[in-house]
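Trainee: no sequence on this one, just coordinates:
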Ligand code: MN
C-alpha cells in the first residue's frame with residue numbers, strides 16, 4: 001500500500017504538505033494540506049524531528065452541499081467546531097511528547113497506546129473526520145467500481161449484504177463511535193466498528209485492525225439536529241451520499 005498516496009487521497013495529506021526533512025519529504029507546491037510544519041523554538045522529540053502541526057482541512061464543498069441528507073448547520077458545526085477542536089487538541093497533546101516527531105497522522109495512530117488519551121482521542125478525531133468529509137463529498141459514482149464491487153461480492157456475497165452488515169455495525173455501536181469498511185492484512189474486506197474516536201489503524205487499541213476506506217460517524221453530533229434519535233434513518237441517508245468514486249480510489253491504493 002502506498003501510504004502517502006492513500007493519505008493524499010483522503011485529504012489527510014495535501015499534495016503540497018510540508019513535512020520535516022527527517023522523513024524525506026520536502027513538500028513544495030501549494031494546495032490544501034492536512035498538516036504544516038511547526039515552527040517552534042526547540043521542543044524536539046526524541047527522533048530529532050519536530051512534531052507536525054496539523055491543520056483543519058477544507059471540506060472542499062459548501063456546508064449545504066449534502067442537504068437534505070445532512071443539513072448545513074450540522075455540517076458547519078461538525079466541521080468548524082468539532083473537527084477543529086480535535087485538530088487543536090491533537091496539536092496540544094503532541095506538544096513536548098517523545099517519539100512522535102515527524103510522524104504523519106496514520107503513523108501516529110499506529111503508534112498510540114491506550115493510555116495516551118489526548119493523542120488517541122484527538123488524533124483519531126482528526127483522521128476519522130478527514131476521511132469522512134471525503135467519502136461523502138458531493139458527486140461521484142453511486143455504486144462501487146468494478147474492482148471494489150467484485151471484492152465486496154467476494155467478501156459479503158452481494159452489495160446488499162455488505163450494506164446490511166455495515167449498517168448493522170453502525171446501528172449497534174453503543175454510544176459514540178464509528179463503523180468502517182476496511183481491508184485486513186490479507187487485503188480482504190471486512191466491516192467493524194470502534195468506540196469514541198478510535199480507528200482500525202490503532203494497532204495497540206482496536207479489536208480488529210485494518211485500513212479504513214469508508215467510515216460513518218455515529219456520534220449524535222453527526223445527526224441529532226436532523227434525525228434526533230433516529231440513527232437508522234441517518235445511516236440510510238449516509239449510504240445515499242457515499243461518493244463511491246472516492247472510496248473505489250482509496251480501495252485501489254490500499255490494494256497496491
Ligand atoms: Mn464527528
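Mentor: That came in fine, so what should we check first? Not measured: the values here are computed from a predicted model.
Trainee: quick one: the helices in this structure?
Mentor: 3-10, 72-77, 84-94, 105-111, 117-135, 146-156, 159-172, 224-227, 231-241, 244-255 (DSSP state H).
Trainee: Quickly compare those and say which is most buried.
Mentor: helix 117-135 (a mean of 23; mean count of other CB atoms under 10 Å). Using the backbone N, CA and C atoms, a C-beta is placed for each residue, glycine as well.
Trainee: Mind checking the helices of the chain for the one nearest to the ion?
Mentor: helix 117-135 (5.7 Å; CB to the ion).
Trainee: Got the confidence number for the closest residue to the ion within the chain?
Mentor: Residue nearest to the ion within the chain: residue 217 (4.2 Å; CB to the ion). pLDDT, residue 217: 98.
Trainee: and it, how far is that from residue 146?
Mentor: 28 Å (CB to CB, to the nearest Å).
Trainee: How about the residues of the stretch 51-200 of the chain by the ion?
Mentor: Within the stretch 51-200 of the chain, no position is adjacent to the ion by CB under 5 Å from the ion.
Trainee: hmm, back to that, dump the helices of the chain to TSV, plus mean pLDDT.
Mentor: As requested, those are exported to TSV (pLDDT from 0 to 100):
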stretch	mean pLDDT
helix 3-10	70
helix 72-77	98
helix 84-94	98
helix 105-111	95
helix 117-135	98
helix 146-156	97
helix 159-172	98
helix 224-227	96
helix 231-241	97
helix 244-255	94
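Trainee: Out of those, which is closest to residue 195?
Mentor: helix 117-135 (10.1 Å; CB to CB).
Trainee: so residue 127 sits right up against residue 199, yeah?
Mentor: Yes: between residue 127 and residue 199 there is a contact under CB atoms under 8 Å: 5.9 Å.
Trainee: what residues do those two have in common as contacts?
Mentor: The contact sets of residue 127 and residue 199 overlap at residue 109 (CB atoms under 8 Å, 6 or more residues apart in numbering).
Trainee: May I have the beta-bridge partners of the residue of the chain closest to the ion?
Mentor: Counting by DSSP bridges, residue 217 is bridged to residue 178.
Trainee: Pull the contacting residues for it.
Mentor: By CB under 8 Å, 6+ apart, the neighbours of residue 217 are 78, 128-129, 132, 178.
Trainee: State the pair within the residues you listed that is farthest apart.
Mentor: Across the contacts of residue 217 (CB to CB), the longest gap, 13.5 Å, separates 78 and 178.
Trainee: the more surrounded of the two?
Mentor: residue 178 (28 against 23; other CB atoms under 10 Å).
Trainee: and the gap between the more buried one and residue 83?
Mentor: 14 Å.
Trainee: Report the contact partners of residue 210.
Mentor: 180, 182-185, 190, 192, 200.
Trainee: If we use 7 Å, what do you get?
Mentor: 182-184, 190, 200 (CB atoms under 7 Å, 6 or more residues apart in numbering).
Trainee: So residue 79 is in contact with residue 57, correct?
Mentor: No: at 9.2 Å, residue 79 does not count as touching residue 57 under the criterion of CB atoms under 7 Å.
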